[in-house]
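**Student:** my questions concern the predicted model and sequence given below.
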Amino acid sequence: MAFSWLAAEYGNLLAAFQAAPAVGADPHVCELPRFLRAYFARRCGTTHLNVLFERPLAAAERLGDPLQLAEAHSHVGFARYDAGRTAEAATAYEAAELRLSEAEDTQLEAELAMRRGYLGWDAGHVEEPLELFRLAGKLYEQAGSPAAMAHAAASEAWVMLQLGHRAEAARRAREVLGVPHADPAWPPAPTARITLGVAIAHAEPDEAAEHLHHAPAPARDDGHLHNQAWCLNCRGVALRRMGRYVEALASHRKAFALLDELFEEHWKIHFLNGYGETCRLAGLPEEALRLHRQALEPAPRLGDRYEEAPTHEGIATVLDGTDPAEAAEHRAAGQAVLQRLSPGAY
């Protein structure tokens, strides 16, 4: 019902948002991202969202309130991150953190820690995101926000999974799903279900399939195409681990069809390597190579160092049997990326 009303009034909302500064409504302009960020993100696309969220920042600067400035910088940072503008996102988060030192707010501090965790992960800082998600969980607990606390724990579980700690990730995801709640679209549930489904795909495929089936439902219900694509791509990875390659490929393809609908190519960087690995194991080496090469170009430009190393490894694995010299070059390049990220670990 709420989304239907928002859809019907979308043009009026934008007009009001854009006209508010002229009538001295800066306090209301500052509040709009907090209440309408999720809807605007679904409707605007990241380019428009970035322009839109510069208005609350300008309003906060006119008001000069440190807390409103911290929140506005944080929202701008998230919009920049969502658009693949990671260096600008980092700058905005730094500005938000500086303002928070002037005006303490536990809830906002927790949200900023979460956002910095996502950015840090993409930048290849694998331990820092875990620390930030755990910090966010503690801060949300202090702020009395159990759902947000569970969301931080779900993000922590996801990072554990990416680091290869499947048993620990599954345990943490089960803890999140075990938290009592009455909301059928409980926000932490999709991340926890996806994490658990991928983590146990090989050992417990039936339970994994159940979680993976239910995970996209909230995103479908509220029209969040980005999250639907993410769930479908992760489902493809899990199905591949079960050896169900035809279904896995279909799931990846549905994810990419949604991303094509959004016209946001930078989002594909998070999905290309998983899709490429599925293609390779499904006996489609040329398609796998094309996907890995497609990921290689934007990774450094977007600052996504986490994806850059596995992209080189994916290309190397495909080429091992046909072009060992180029395979060796890519493997060395991948190791060099890891070396720069974690000196002394490799």
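**Tutor:** Ah, there it is. These numbers come from a predicted model, not from an experiment.

**Student:** how about Gly283, secondary structure?
**Tutor:** For Gly283, the reduced secondary structure class is coil; criterion used: DSSP: H, G, I helix; E, B strand; the rest coil.

**Student:** Leu139 reaches Ala113, doesn't it?
**Tutor:** Yes: counting by Cβ atoms under 8 Å, Leu139 sits close enough to Ala113 to count as a contact (6.6 Å). Using the backbone N, CA and C atoms, a C-beta is placed for each residue, glycine as well.

**Student:** so what's in contact with the two at the same time?
**Tutor:** In the contact map built from Cβ atoms under 8 Å, 6 or more residues apart in numbering, no residue is linked to both Leu139 and Ala113.

**Student:** just give me the neighbour total for Lys254.
**Tutor:** As a burial measure, Lys254 scores 17 neighbours (other Cβ atoms under 10 Å).

**Student:** same check, this time on Val246
**Tutor:** Neighbourhood size, Val246 [other Cβ under 10 Å]: 9.

**Student:** now swap in Asp260 and tell me
**Tutor:** Here the number of neighbours of Asp260 (other Cβ under 10 Å) works out to 12.

**Student:** now Ala215: how far from His252?
**Tutor:** Here the distance between Ala215 and His252 works out to 15 Å (Cβ to Cβ, to the nearest Å).

**Student:** of these two, give the one with the bigger neighbour count.
**Tutor:** When neighbours are counted by other Cβ under 10 Å, Ala215 and His252 differ, and His252 comes out ahead with 29 against 25.

**Student:** got the buried residues for the helix or strand harbouring that one?
**Tutor:** With elements taken from DSSP states H and E, the one containing His252 is helix 245-262. Buried residues in helix 245-262, counting neighbours by 16 or more other Cβ atoms under 10 Å, are found at 245, 248-249, 251-252, 254-256, 258-259.

**Student:** run through who's touching that helix.
**Tutor:** 45, 225-226, 228-230, 232-233, 235-240, 265, 267-268, 271, 274-275, 278-279, 281-284.

**Student:** so how far is that helix off the chain centroid?
**Tutor:** Relative to the chain's own centre, helix 245-262 is displaced by 17 Å; criterion: Cα atoms, centre = their mean, to the nearest Å.

**Student:** and that helix, average pLDDT?
**Tutor:** Throughout helix 245-262, pLDDT has a mean value of 92.

**Student:** and what of stretch 119-131?
**Tutor:** Over the span of stretch 119-131, the pLDDT mean works out to 86.

**Student:** who's in contact with that stretch?
**Tutor:** Contacts of stretch 119-131 from elsewhere in the structure, counted by Cβ under 8 Å, 6+ apart, are 77, 81, 86, 89-90, 93, 117-118, 132, 155-156, 159-160, 162-163, 302-309, 337, 341-342.

**Student:** of those, buried ones?
**Tutor:** 77, 81, 86, 89-90, 93, 117-118, 132, 155-156, 159-160, 302-309, 337, 341.

**Student:** what about Arg290, how many neighbours?
**Tutor:** Here the count is done by other Cβ under 10 Å, and Arg290 has 15 residues near it.

**Student:** how does this structure divide into domains?
**Tutor:** What the record gives for the chain is the domain set 25-33+40-103, 105-177+187-215, 224-346, from automatic domain parsing.

**Student:** residue ranges with poor pLDDT in the chain?
**Tutor:** Within the chain, the segments meeting pLDDT under 70 span 1-3, 7, 38, 40-45, 263-265, 341-346.

**Student:** gap between the nearest residue to Ala92 once chain neighbours are set aside and Gly84?
**Tutor:** With Cβ to Cβ, 6 or more residues apart in numbering as the criterion, Ala92 has its nearest non-adjacent residue at 3.2 Å, and that residue is Gly77. Gly77 sits at a distance of 13 Å from Gly84 (criterion: Cβ to Cβ).
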